[in-house]
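> Structure of the sequence below:
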Amino acid sequence: MARIGVLGFLHETNTFAPDVTGLDRFEEADAWPGLTEGDAIIEATRDMNLAVSGFIAAMRAAGHEIVPLLWCSANPSGPVADAAFEAIAARIETRLRGQALDGLFLDLHGSMVTQSLDDAEGELLRRLRGVTGPALPYVAALDFHAIVTQAMVDRTQAMVAYRSYPHVDMAETGQRAARMMQRLLAGETFFAAWRKLDFLVSMPWQCTLDGEPAGVLMAAAGALETDDCPEVQFIPGFPLSDTPASGPSVLAYARNLEQADQAVRTLAAEVEARRRSFTGRLYAPGEALDALAHRRPGRYILADTQDNPGGGGSGDTTGTLRALLDRGIGQACVAVLCDAAFAREAHTLGVGARIDRPLGGRGFPGEEPVPGPFEILSLGDGRFVGTGPFYLGCRMDLGSMVRVRRDGVDILISSRKQQAADQAMFRHLGADPRDYRILVLKSSVHFRADFAALADGILMVKAPGANTADLHDLTFRRLRPGVEIL
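Take a look at the predicted model:
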């Protein structure tokens, strides 16, 4: 039996977002647990679709002892405050010191940027290696959107990334990490090969459910794996990170370097051959509604991708909501808009009352609130369990929530921002997404896991927000030379 340390420190950093991510954002719960230390981690993450959950369950089933250290995450947002990174890193180091461990599992995102660090994961690994030394087996789980760096590769024995977007395989990725850890504990050695690709892919076009290109490439990576080369990965990266290392990566681990190199060369060629396939259409809100007027009757989803909290959006922009109201389109629902002050006042007034407070429009430059009045339809405390494939088992804590209606449009409102990627968000407020003709979901891709089957069509909407969908709208200043913006 081995003693395996477990830790997590996750943040997807949108360097273009206007906010700074402080320590409080890691301490508070949202879809995932707030900052948790010690044995409490096991219960706090149990049965969730998280890499740490899958890893712990797999290693315990194999008879190993888990030593939980610290786990935390914050919703995607602007750069992490240096003080927050330093505080959390110091707490991890303190818990790691003096532990007699046979291995260390790290649940990381892979694209954390702080006010001073381009590669926060690489720096965290450097500090932890200063505590444990270079020989202790480190296995890390990474997000599908991780930005792989040489420092990360050099300071771990293995890294495994999610293979799906929507990320329905996070717990499964933890299980893959556990298999790699057990092979390392058995004395096996793996050589890493990797390559950084010189282009950026916008988030909406990274979806693996659509077949080409991302789904096909994930299948191609899996087809290259053997017992001697157990991990071959295409990691598309997070395009809203303006750092020298940004861009997709191909990564492989094998018993010898030649095998790993060959796998990387083969998969990289497959990716390059599909470079021009990472594209799609974006609609302005009015264009999307006009397009629906010419489609057959049914239920349609407008993905409000640029205000996706899962990519750094504020979750409170009102562009698509305004378009619905301006056109007098009813039987529609907008979810989930974040406005804590609005939700507090609604709870004071109660169901059936009218609230005349302006809604949203404060978290992104140039946006304005939507004026009332609104009818209060239902209230919730924001605590419920995710039931869809992405948020499965997650014990949500979104603060006070309310469902209101204005001019035939329902709006689901939370006190903490969270992308609309689970039907449980509707049910918590007494709503059924099947009752609406138009669903406006503040999400880019994750919503597809639980909502796509309900829709007769999906349109990507380019309304205001920090999760920029057309990368040509951004000014990148720090990318290495030669990186193409797709």
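
> Around the residue nearest to Leu96 when sequence neighbours are not counted, how many other residues sit close by?
Closest residue in space to Leu96, ignoring its immediate chain neighbours: Val131 at 5.0 Å, by CB to CB, 6 or more residues apart in numbering. Every residue, glycine included, has its C-beta placed from N, CA and C. For Val131, the count of nearby residues is 16 (other CB atoms under 10 Å).

> Double-check that Val131 belongs to a helix.
Yes - per DSSP: H, G, I helix; E, B strand; the rest coil, Val131 lies within a helix segment.

> What are the neighbouring residues in contact with it?
Counting by CB atoms under 8 Å, 6 or more residues apart in numbering, Val131 touches 93, 96-97.

> now the helices: where do they sit in the protein?
All helices of the chain, identified by DSSP state H, fall at 23-27, 40-45, 51-61, 82-96, 120-132, 150-154, 170-185, 214-223, 257-273, 285-293, 319-326, 340-349, 424-427, 448-451.

> The ones you listed: which one's closest to Gln206?
helix 214-223 (5.3 Å; CB to CB).

> re the thing from before, export the helices of the chain to CSV and tack on distance to Val139 and mean pLDDT?
Below are these laid out as CSV (distance: least, CB to CB, whole Å; pLDDT from 0 to 100):
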stretch, distance to Val139, mean pLDDT
helix 23-27, 23, 98
helix 40-45, 17, 98
helix 51-61, 8, 98
helix 82-96, 15, 98
helix 120-132, 12, 98
helix 150-154, 12, 98
helix 170-185, 5, 98
helix 214-223, 18, 97
helix 257-273, 16, 98
helix 285-293, 43, 95
helix 319-326, 42, 97
helix 340-349, 38, 98
helix 424-427, 32, 98
helix 448-451, 26, 98
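
> Quick check: the nearest residue to Ala62 once chain neighbours are set aside vs Thr173, distance?
Excluding its sequence neighbours, the residue lying closest to Ala62 (CB to CB, 6+ apart) is Gln182, at 6.2 Å. Gln182 sits 15 Å away from Thr173, taking CB to CB, to the nearest Å as the criterion.

> Which parts of the stretch 351-486 of the chain are strands?
All strands of the stretch 351-486 of the chain, identified by DSSP state E, counting those that start in this stretch, fall at 354-355, 374-380, 383-385, 395-397, 401-406, 409-414, 438-441, 457-461, 484-485.

> Now do the third one: distance to the chain's middle.
So the one you mean is strand 383-385. From the chain centre to the centre of strand 383-385 is a distance of 19 Å (CA atoms, centre = their mean, to the nearest Å).

> Return the list of strands paired to that strand, each annotated with direction.
strand 395-397 (antiparallel) (DSSP bridges).

> picking up where we left off before, so which of the strands of the stretch 351-486 of the chain is nearest Glu188?
Minimum separation from Glu188 across these (CB to CB) falls at strand 395-397, 36.7 Å.

> Could you give the average pLDDT over that closest one?
Confidence for strand 395-397, expressed as mean pLDDT, is 96.

> burial measure for the closest residue to Met48 other than its chain neighbours, as a count.
Of all residues not flanking Met48 in the chain, Gly393 sits nearest, at 4.3 Å (CB to CB, 6+ apart). Neighbours of Gly393 under the rule other CB under 10 Å: 15.

> can I assume Gly393 is in contact with Gly386?
Yes - between Gly393 and Gly386 there is a contact under CB atoms under 8 Å: 6.5 Å.

> list the residues that contact both of the two?
Asn49.

> Could you work out the end-to-end span of stretch 204-215 for me?
Using CA to CA, to the nearest Å, one end of stretch 204-215 lies 13 Å from the other.

> Find me the pLDDT at the residue nearest the centre of the chain, would you?
Of all residues in the chain, the one closest to the mean position by CA atoms, centre = their mean is Gly310, 5.2 Å from it. At Gly310, the model reports a pLDDT of 95.

> could I have stretch 145-158 exported to CSV, CA atoms only?
Taking C-alpha atoms only, stretch 145-158 is exported to CSV below (Å, rounded to 0.1, in the frame of the first residue of the first chain):
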residue,chain,number,x,y,z
HIS,A,145,-8.0,24.0,-22.2
ALA,A,146,-4.6,23.7,-20.4
ILE,A,147,-1.6,25.6,-21.7
VAL,A,148,1.2,23.1,-21.5
THR,A,149,4.7,24.4,-20.7
GLN,A,150,8.1,22.9,-20.6
ALA,A,151,8.3,23.6,-16.8
MET,A,152,5.1,21.6,-16.3
VAL,A,153,6.4,18.6,-18.3
ASP,A,154,9.8,18.7,-16.6
ARG,A,155,8.4,18.8,-13.1
THR,A,156,5.9,15.9,-13.4
GLN,A,157,6.3,12.2,-14.2
ALA,A,158,2.9,12.3,-16.1
